[in-house]
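Asker: Let me see the structure of the following:
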Amino acid sequence: MAPMALLLLAACIPQSGGAYQDTGYRPAPQQSPRQDRYPQAPQERWERPALGNEQDVRRLPAPPPAWQSRKVSADARSIAGRTYVVQPGDSLRSISAKTGAGSEAIARANDIPPPFVIRVGQKLTIPGGRYHLVRDGETGIAIAVAYGVTWSRIIAVNELEEPYILRTGQRLLIPDDAAPSGRPETIEQRAARFHLDLGVDDIVTGGQPAIAEKAKPAQPTASSARVLSPTTPVAAPARLAGGFQWPLKGNVVKRFGPGASGERNDGIKIAAPLDTPVLASADGVVAYVGSDIPALGGLVILRHGDGWTTVYGHAGQLLVQRGQAVKKGQMIALSGNSGFADRPELHFEIRQGRNPVDPLPRLPAR
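Answerer: Numbers count the residues shown, from 1 in each chain. Coordinates of the predicted model:
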């Protein structure tokens, strides 16, 4: 077996190409695709490697994510608000190209509903602002970093919705980057705005690369042998098939919601010995696999349709690829103590849209 590169989990995202050069991985133990119900048994004695939270996360060979491999130039065009009179042959897209404003922003400013019909002679308000022209393969995350604003603010001002796949040629309104207090920024504050500090919501909503107007996302495949280009978007399931199941055997050691010290947990923590099989909670498609959120370490994110997403963190070994279709009960990872885990455990989330919800009422009683 070829040597395996170490991915040291730290408080910053690895540089492009520096974290995904494994040429092999340790074979996973055999596991039945069906998970039986089980009682909460006493935990086995834990074994922690000497490196603690900095142990390597093993994974299949894959390129870096699109927001690392496809950088964005901050070349937004600033335009002044004005009135435009619709000419013969015009469409919102052609007016967008003429004025530099986003077609979606023009439709919102003039209360034009789908299918966005306009008439000759109609006077349209062209909303002013900074507009970024989306290029092929760009992601929301990379666009946000280029302008030093949070991706959530860009979502809000552009009223973006599921499935959050940007379109090549789309013009995104970039919100003002002024300090919220109105006072001049310090050098440290400005530097912090351009620092990439990812969360699960950023990856779910801003991790997909932009797609050409008439192109279609790649269809999922059941094989983990396919390695997609990081700039290839992936189609998500349309509908959730069935309910959710427990992702592994273990005791819940931390529940959903605010903790005793005020911190909030967006999921549950399930303690389990190292290398316990982690199973897909429902049929879905792998939207992300990697370790770009330092707190969560080895991470898999699955999309299930109807806006549902599940999140599996602190893994020690990742067994799937982005764009892979997985079945309920299929092994997708092995448990570990990567990230900020203080024991071998699984961080498990269920999200509906952009909102994390308590997994326990949605999992079978056991």
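Asker: C-alpha only now, for contacts and for neighbours.
Answerer: Fine.
Asker: Ramachandran angles for the nearest residue to Leu133 once chain neighbours are set aside?
Answerer: Counting by Cα to Cα, 6 or more residues apart in numbering, Arg171 is the residue found nearest to Leu133 once chain neighbours are left out, at 4.6 Å. When read as degrees, to the nearest 10, the backbone of Arg171 gives phi -110, psi 120.
Asker: can you count the residues close to Arg171?
Answerer: 26 (other Cα atoms under 10 Å).
Asker: Identify the residues contacting it.
Answerer: Gly100, Ala101, Gly102, Ser103, Tyr131, His132, Leu133, Val134 (Cα atoms under 8 Å, 6 or more residues apart in numbering).
Asker: can we see that at 7 Å?
Answerer: By Cα atoms under 7 Å, 6 or more residues apart in numbering, the contact list for Arg171 reads Ala101, Gly102, Tyr131, His132, Leu133, Val134.
Asker: What's the separation between it and Ala97?
Answerer: Per Cα to Cα, to the nearest Å, Arg171 is found 9 Å from Ala97.
Asker: And the average pLDDT for stretch 114-127 is what?
Answerer: Stretch 114-127 carries an average pLDDT of 97.
Asker: Can I get it in CSV, CA atoms only?
Answerer: Taking C-alpha atoms only, stretch 114-127 is exported to CSV below (Å, rounded to 0.1, in the frame of the first residue of the first chain):
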residue,chain,number,x,y,z
PRO,A,114,-42.3,34.0,-12.5
PRO,A,115,-42.3,33.5,-15.5
PHE,A,116,-41.0,37.1,-15.4
VAL,A,117,-43.1,38.6,-18.2
ILE,A,118,-42.3,42.2,-19.2
ARG,A,119,-43.9,44.5,-21.8
VAL,A,120,-42.5,47.0,-24.2
GLY,A,121,-42.6,50.5,-22.8
GLN,A,122,-42.7,49.3,-19.2
LYS,A,123,-40.6,51.4,-16.8
LEU,A,124,-38.4,49.3,-14.6
THR,A,125,-36.5,50.3,-11.4
ILE,A,126,-32.9,49.2,-11.7
PRO,A,127,-31.6,48.7,-8.1
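Asker: buried set for that stretch?
Answerer: Ile118, Leu124, Thr125, Ile126, Pro127 (16 or more other Cα atoms under 10 Å).
Asker: What of stretch 214-228?
Answerer: Pro217, Pro220, Leu228.
Asker: Other residues contacting it?
Answerer: Ala62, Thr232, Pro233, Val234, Ala235, Val285, Val320, Gln321, Gly323, Gln324, Ala325, Val326.
Asker: so how far is the first residue of it from its last?
Answerer: OK, stretch 214-228 end separation, Cα to Cα: 20 Å.
Asker: what do you get for stretch 146-166?
Answerer: One end of stretch 146-166 sits 16 Å from the other (Cα to Cα).
Asker: How far does it sit from its chain's centre?
Answerer: On the basis of Cα atoms, centre = their mean, to the nearest Å, stretch 146-166 sits 12 Å off its chain's mean C-alpha point.
Asker: Show me which positions of that stretch end up buried.
Answerer: 146-152, 154-155, 158, 160, 163-166.
Asker: The stretch 251-366 of the chain: strands as residue ranges?
Answerer: 251-254, 257-258, 264-265, 268-271, 277-279, 284-290, 298-305, 308-318, 325-326, 331-335, 345-352, 355-357 (DSSP state E, counting those that start in this stretch).
Asker: Run a quick neighbour tally on Arg93.
Answerer: 16.
Asker: picking up where we left off before, show me which of the buried residues of stretch 114-127 is closest to Val200.
Answerer: Pro127 (31.5 Å; Cα to Cα).
Asker: give me phi/psi at that closest one?
Answerer: The phi/psi pair for Pro127 (degrees, to the nearest 10) is phi -70, psi 130.
Asker: contacting residues around the nearest residue to it once chain neighbours are set aside?
Answerer: The shortest distance from Pro127 to any non-neighbouring residue, by Cα to Cα, 6+ apart, is to Gly81 (4.7 Å). By Cα under 7 Å, 6+ apart, the residues touching Gly81 are Ile126, Pro127, Gly128.
Asker: hang on, isn't Arg58 packed against Gln317?
Answerer: Yes. Taking Cα atoms under 7 Å as the definition, Arg58 is a contact partner of Gln317 at 4.5 Å.
Asker: can you tell me which residues contact Thr125?
Answerer: Arg82, Thr83, Tyr84, Ile106, Ala109, Asn110.
Asker: Against Arg119, how distant is it?
Answerer: 14 Å.
Asker: again with Leu279
Answerer: For Leu279 relative to Arg119 (Cα to Cα), the value is 54 Å.
Asker: cool, Tyr131 as well?
Answerer: 25 Å.
Asker: likewise Gln68?
Answerer: If you go by Cα to Cα, the gap between Gln68 and Arg119 works out to 43 Å.
Asker: Same question for Gly81.
Answerer: Distance from Gly81 to Arg119, counting by Cα to Cα: 21 Å.
Asker: which regions of the chain lie under the pLDDT threshold?
Answerer: Across the chain, the ranges flagged by pLDDT under 70 are 1-55, 177-196.
Asker: switch the cut-off to 90
Answerer: Scanning the chain for pLDDT under 90 picks out the ranges 1-56, 162-163, 176-197, 213-214, 249, 258-264, 366.
Asker: can you confirm Gln68 is in a helix?
Answerer: Yes. Assessed by DSSP: H, G, I helix; E, B strand; the rest coil, Gln68 belongs to a helix.
Asker: What about it, how many residues nearby?
Answerer: With other Cα under 10 Å as criterion, Gln68 counts 19.
Asker: can you give me the helices for the stretch 101-250 of the chain?
Answerer: 103-109, 140-147, 151-158, 187-193, 200-206 (DSSP state H, counting those that start in this stretch).
Asker: Mind putting those into TSV with distance to Val289?
Answerer: Formatted as TSV, those follow (distance: least, Cα to Cα, whole Å):
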stretch	distance to Val289
helix 103-109	32
helix 140-147	16
helix 151-158	20
helix 187-193	25
helix 200-206	10
